[in-house]
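Trainee: model this:
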Amino acid sequence: MEDVDGEEMPGAIVEAFLEREEGVRALLEELEKLTIEGRHEEVRDRVRNLADSDESVFYTVAFSLTNSRQFFGDVEAQLDVTAADRLRDLADTFPALAEPFNIVRTERADDRLNPVTDTSYAVSYHRGIESPMVTYSPLSGEQELYESRGTPSEVLRVASDLTSATTDALDVAMDNDYSVNTEELSALIDRREELETELSKLRDQLDELRRTPVSDE
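Mentor: A predicted model of the protein is given here:
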């Protein structure tokens with residue numbers, strides 16, 4: 001299904017929601033409870049199931065939770081104010097569900113899977129192996145995708161592999177004369193500058209460590 005922003009008749013999908021409103025609200029109440037309990041992976045899977053089983057209802061809820069003025073305006077024009085108000089109430093009643101619905105909508109519309117929105121990390125030191133340690137977890141919304149702990153070199157190996165994957169992907173695009181949209185290109189430039197800043201800092205740290213005598217303790 002095309003994204004609702006480009007849908008000429010959002011009223012049609014909203015009618016599908018209105019026909020099932022009671023059952024959908026019961027589902028949303030259950031999902032909100034799971035979200036509060038921190039069961040984010042289960043919530044994500046169930047939202048995906050809704051998208052697979054009933055696209056019309058999924059997209060109606062997803063756009064309602066984002067408080068899209070254009071969407072509500074189209075619903076008012078094609079149905080009536082009462083229908084739009086019932087959808088606005090979803091955003092007021094289930095604000096905690098906006099993120100998982102938006103992420104699944106991104107997966108469906110943009111061919112993503114568990115898009116990483118942030119990375120949490122903590123640093124420590126392991127005296128036994130005389131090395132710093134990094135514990136990190138990629139986050140997709142509130143869902144922790146996995147947790148890993150390793151030495152700085154092990155963490156950088158992952159970063160190096162992902163950087164290599166990025167350049168391979170760009171090679172494929174250029175070899176086939178595929179375009180890269182302006183927003184993505186701008187974001188890539190920003191990420192490259194961030195990497196260069198951190199690599200410059202890493203270079204200085206490594207130079208200093210080389211000059212530091214190794215402890216005999």
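Trainee: Flag the shaky bits of the protein, pLDDT-wise.
Mentor: In the predicted model, the chain carries pLDDT under 70 at residues 1-9, 214-217.
Trainee: mind checking how far the most centrally placed residue in it is from L145?
Mentor: In the chain, the C-alpha nearest the mean C-alpha coordinate belongs to P115, at 3.8 Å (Cα atoms, centre = their mean). Taking Cβ to Cβ, to the nearest Å as the measure, P115 falls 10 Å from L145. All C-beta atoms are positioned from the backbone trio N, CA, C, and that covers glycine.
Trainee: can you check T35 too?
Mentor: From T35 to L145 the distance is 17 Å (Cβ to Cβ).
Trainee: ok, back up a step: the residue nearest to the centre of the chain reaches P138, doesn't it?
Mentor: No. Contact between P115 and P138 fails when scored by Cβ atoms under 8 Å: they sit 9.9 Å apart.
Trainee: quick one on the thing from earlier: compare neighbour counts for T35 and L145 and give me the winner.
Mentor: Neighbour totals were compared for T35 and L145, and T35 leads with 18 against 12 (other Cβ atoms under 10 Å).
Trainee: quick one: contacts for the more buried one?
Mentor: 43, 96-97, 100, 142 (Cβ atoms under 8 Å, 6 or more residues apart in numbering).
Trainee: Out of those, which comes closest to V75?
Mentor: For V75, the nearest member of those is L97. The distance, counting by Cβ to Cβ, is 19.0 Å.
Trainee: which stretches of the chain form strands?
Mentor: 118-126, 131-140, 143-144, 148-150 (DSSP state E).
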